[in-house]
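Student: give me coordinates for this.
(2 chains)
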Protein chains: 2
Amino acid sequence: MAGVHWLAADWGPASLRVWAMTGHEVQAEGAADLSMEHLGPADFEPALLALADSMLPPGEVTPVLVCGVAGARRGWIEVPYARLPCRPSARRPVRAPSTDPRLSVGILPGLCQTDPPDVMRGEETRVAGFLTIRPDFDGTLCLPGTHPKWVRLCDGRVLAFRTAITGELYRLLVRGSILRRAFDDIWNDRLFQAAVDEAFCHPERIAGTLFSLRAGALLDPPTTGQIRGRLSGLLIGSELAAMRDMWQGRPVAVMGCERLSHLYATALDEQGAEVETIAHDRMTLAGLIATFEQTGAAVLTAPDAQPSML
Amino acid sequence: MAGVHWLAADWGPASLRVWAMTGHEVQAEGAADLSMEHLGPADFEPALLALADSMLPPGEVTPVLVCGVAGARRGWIEVPYARLPCRPSARRPVRAPSTDPRLSVGILPGLCQTDPPDVMRGEETRVAGFLTIRPDFDGTLCLPGTHPKWVRLCDGRVLAFRTAITGELYRLLVRGSILRRAFDDIWNDRLFQAAVDEAFCHPERIAGTLFSLRAGALLDPPTTGQIRGRLSGLLIGSELAAMRDMWQGRPVAVMGCERLSHLYATALDEQGAEVETIAHDRMTLAGLIATFEQTGAAVLTAPDAQPSML
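Tutor: Okay, the predicted model is just below:
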């Protein structure tokens, strides 16, 4: 593909997304469902080429900047985590081995923190994207999802972060637990909010509350459909309680899919937080662009970075 | 089988256990793995006969006293829950339809509570068994397991109870969550106890702590094997915090399998509870015997209870 200068790639645990770039402009893009569980180190280059082959200009070496799990222990090549405090767009990619002479692949490190132990691989690039639109944000960025991240930002740097497992726990309980039979598609905002309050104000009760959702549905069948909102509220309320020192007394920005962002923002607002929601579309791409400009281009086009040049 | 006067049956969610009784004496017993999920109402009698057929004296009507999920909504016949306060050995069985003329089947109700909503089906018969050896117990009986029950007892009656889902949550996290890769068979008592303390003293932190178990194992691989004890401790500590008003300031008896009873008793003892462990073997049978003598025999041998007599 003529005019493509570099590729941006977001390697998630279950999907790969690639953009063919000319400077800041997207020329083409592709995405594939790919479970990280089934990939060995030698499978990453073919998986990338399956999406990117037609994007690569012939006879040239194209830099490819990758974020996410490609840098994990079982990934393409293990890339050590960057330590805090960290300016996410200033991370330097690590070269990954490749055999196709058109590729010069660099994988960005994730971030780690030792006390309490925490890690991220991929979300920090979304954080870099957020900082392109809010470079002076001094507060906490909340990224809801399977493993929600709470990221303390100041002066364009990540100072600290914490991860919950709320999304995963919700899915496990809905699919595999005794609660599963009591679910249906009914949603009730009021019950959600009441459950947030309950769990936030009395987080010590959570271990005793989950079974009562099921018991309540058994004893009073009309309440069967009210479990979704209550379970969401209890889990998010517990998360807010656990993350209180991350967000209380500071501006909070919630950046995730529309549905979850709305739930988190509503819950935070009710607990007195100064909260806004941020559209998350293309934030990872924005972070890859910022990082490519700041460090990636230099690393991936350096002469010693191209051992397999044509 | 000659000399058999009645059968006792414990119908659990995943198994059926039957004892052929002469008064208090067990003449024979049998057990089968049977998932409640795969049984329709018409399947219960054949499932019982598959175990009990050879136990039944020919040409006689034998009372069969059943506790557990056979009385659930999707069971043999739905038996309404008994309300609190309740003397568990005084519950009256409800006749279940049967076609074999040798059977006079009665199913015992479970217990329910409305505030907070809670239910049990089967455990209350273990409670009746416990009361045969400790009729004057004034305190809280803890039954650890998949869905641990905390049962407040006084004057031989159940006054209140609460259910957690600690065992189920542990299994879901070990098998299906991001934590699963960090598990091995190492157990560390000290880490267990420290995690109990942490979760009991700061129950609000639990939603932020689980991911850090995985992150800690990633950042410091020697700690990989330390997750089992820590996860058990965090979940049991959270449960103790949620159930604090059930046990604090009262004697606590823990009655379950040896391993779990030891963990709960250790955790409770460290939090200042006056705690003892009780062997749980045959407690359900003891409860069935006590209930048969107090109410079951009369109900199941009454003339109008035997419509299909030989």
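
Student: pLDDT weak spots in chain A?
Tutor: A:222-225, A:304-310 (pLDDT under 70).

Student: how close does residue A:43 sit to chain B?
Tutor: 19 Å (CB to the nearest CB, to the nearest Å). C-beta: built from backbone N, CA, C; applies to glycine.

Student: and the helix or strand harbouring residue A:49, which residues are buried?
Tutor: Element membership for residue A:49 (DSSP states H and E) is helix A:44-52. If you call a residue buried by 16 or more other CB atoms under 10 Å in any protein chain shown, then helix A:44-52 has these buried ones: A:44-45, A:47-49, A:51-52.

Student: all helices for chain A, in order.
Tutor: A:44-52, A:123-133, A:166-176, A:189-201, A:206-219, A:227-242, A:244-247, A:258-270, A:283-291, A:297-301 (DSSP state H).

Student: okay if I get those as CSV plus distance to residue B:210?
Tutor: Shown next, in CSV, are those (distance: least, CB to CB, whole Å):
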stretch, distance to residue B:210
helix A:44-52, 29
helix A:123-133, 17
helix A:166-176, 8
helix A:189-201, 15
helix A:206-219, 12
helix A:227-242, 10
helix A:244-247, 16
helix A:258-270, 18
helix A:283-291, 25
helix A:297-301, 36
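
Student: hmm, back to that, between the buried residues of helix A:44-52, which sits nearest residue A:262?
Tutor: Of all the buried residues of helix A:44-52, residue A:51 has the smallest distance to residue A:262: 31.9 Å, by CB to CB.

Student: quick one: that closest one and residue B:16, what's the gap?
Tutor: 54 Å (CB to CB, to the nearest Å).

Student: hmm, residue A:27 is touching residue A:1, no?
Tutor: Yes - assessed by CB atoms under 8 Å, residue A:27 is found in contact with residue A:1 at 6.3 Å.

Student: now do the same contact list for residue A:128.
Tutor: A:88-89, A:286-288, A:290-291 (CB atoms under 8 Å, 6 or more residues apart in numbering or on different chains).

Student: between those, which is nearest chain B?
Tutor: Nearest to chain B among those is residue A:88, at 18.0 Å by CB to the nearest CB.

Student: surely that closest one touches residue A:294?
Tutor: No - contact between residue A:88 and residue A:294 fails when scored by CB under 8 Å: they sit 9.8 Å apart.

Student: so these two - more neighbours on which side?
Tutor: For residue A:88 versus residue A:294, neighbours defined as other CB atoms under 10 Å in any protein chain shown are more numerous around residue A:88 (29 against 16).

Student: picking that back up, give me the contacts around the helix holding residue A:49.
Tutor: The list of residues contacting helix A:44-52 from outside it, by CB under 8 Å, 6+ apart, reads A:7, A:9, A:11, A:16, A:18, A:20, A:30-32, A:34, A:39, A:64, A:66, A:70, A:75-76, A:96, A:98-100, A:103, A:105.

Student: could you rerun that using 10 Å?
Tutor: A:1, A:4, A:7, A:9, A:11, A:16-20, A:28-32, A:34, A:36, A:38-39, A:53, A:55-56, A:62, A:64, A:66, A:69-70, A:75-77, A:96-100, A:102-103, A:105, A:107 (CB atoms under 10 Å, 6 or more residues apart in numbering or on different chains).

Student: near chain B, which of those residues show up?
Tutor: Contacts with chain B within the contacts of helix A:44-52, counted by CB under 10 Å from any CB of the partner chain: none were found.

Student: show me which of the residues you listed are buried.
Tutor: With burial judged by 16+ other CB under 10 Å, the buried subset of the contacts of helix A:44-52 is A:4, A:7, A:9, A:11, A:16-20, A:30, A:34, A:36, A:39, A:55-56, A:62, A:64, A:66, A:69-70, A:75-76, A:96, A:98, A:100, A:102-103, A:105, A:107.

Student: list the contacts for residue A:235?
Tutor: Residue A:235 neighbours (CB under 10 Å, 6+ apart): A:164-167, A:169-170, A:173, A:195-196, A:199, A:206, A:210, B:207.

Student: ok, residue A:213 touching residue A:220?
Tutor: No - contact status for residue A:213 versus residue A:220: not in contact, 11.5 Å apart, counting by CB atoms under 10 Å.

Student: those two: which is more packed in?
Tutor: Neighbours were counted for residue A:213 and for residue A:220 using other CB under 10 Å; residue A:213 has more, 25 against 12.

Student: can you map out the strands along the stretch 51-200 of chain A?
Tutor: According to DSSP state E, counting those that start in this stretch, the stretch 51-200 of chain A carries its strands in the segments A:62-68, A:82-83, A:94-95, A:103-107, A:111-114, A:117-120, A:139-143, A:149-154, A:157-163.

Student: distance-wise, check residue A:248 relative to residue A:150.
Tutor: Counting by CB to CB - residue A:248 and residue A:150 are separated by 11 Å.

Student: residues shared between the contacts of the two?
Tutor: A:140, A:240.

Student: which of those two has more neighbours?
Tutor: residue A:150 (24 against 14).

Student: can you name the residues bridging to the more buried one?
Tutor: Beta-bridge partners for residue A:150, by DSSP bridges, are residue A:142, residue A:162.

Student: next: residue A:94.
Tutor: Assessed by DSSP bridges, residue A:94 has beta-bridge partners residue A:107.

Student: surely it is in contact with residue A:81?
Tutor: No - counting by CB under 10 Å, residue A:94 stays clear of residue A:81, with 11.3 Å between them.

Student: so between these two, which is more surrounded?
Tutor: Remark: of residue A:94 and residue A:81, residue A:81 carries more neighbours, 22 against 18, as counted by other CB under 10 Å.

Student: between residue A:27 and residue A:1, what contacts are shared?
Tutor: A:20, A:55.

Student: residue A:158 - nearest residue in space that isn't next to it in sequence?
Tutor: residue A:86 (5.1 Å; CB to CB, 6 or more residues apart in numbering or on different chains).

Student: is it true that that neighbour touches residue A:111?
Tutor: Yes - using CB under 10 Å, residue A:86 is in contact with residue A:111, at 5.7 Å.

Student: for the two, list the residues in contact with both.
Tutor: A:124, A:127, A:158, A:161.

Student: in the stretch 1-150 of chain A, what residue is nearest chain B?
Tutor: The nearest approach of the stretch 1-150 of chain A to chain B comes at residue A:117, 3.8 Å away (CB to the nearest CB).

Student: what about that residue, neighbour count?
Tutor: Neighbours of residue A:117 under the rule other CB under 10 Å: 19.

Student: and the closest residue to it other than its chain neighbours, what does it touch?
Tutor: Spatially, and ignoring its direct neighbours in sequence, residue A:117 is nearest to residue B:216 (3.8 Å; CB to CB, 6+ apart). By CB under 10 Å, 6+ apart, the residues touching residue B:216 are A:114, A:116-119, B:182, B:223-224, B:226-227, B:230.
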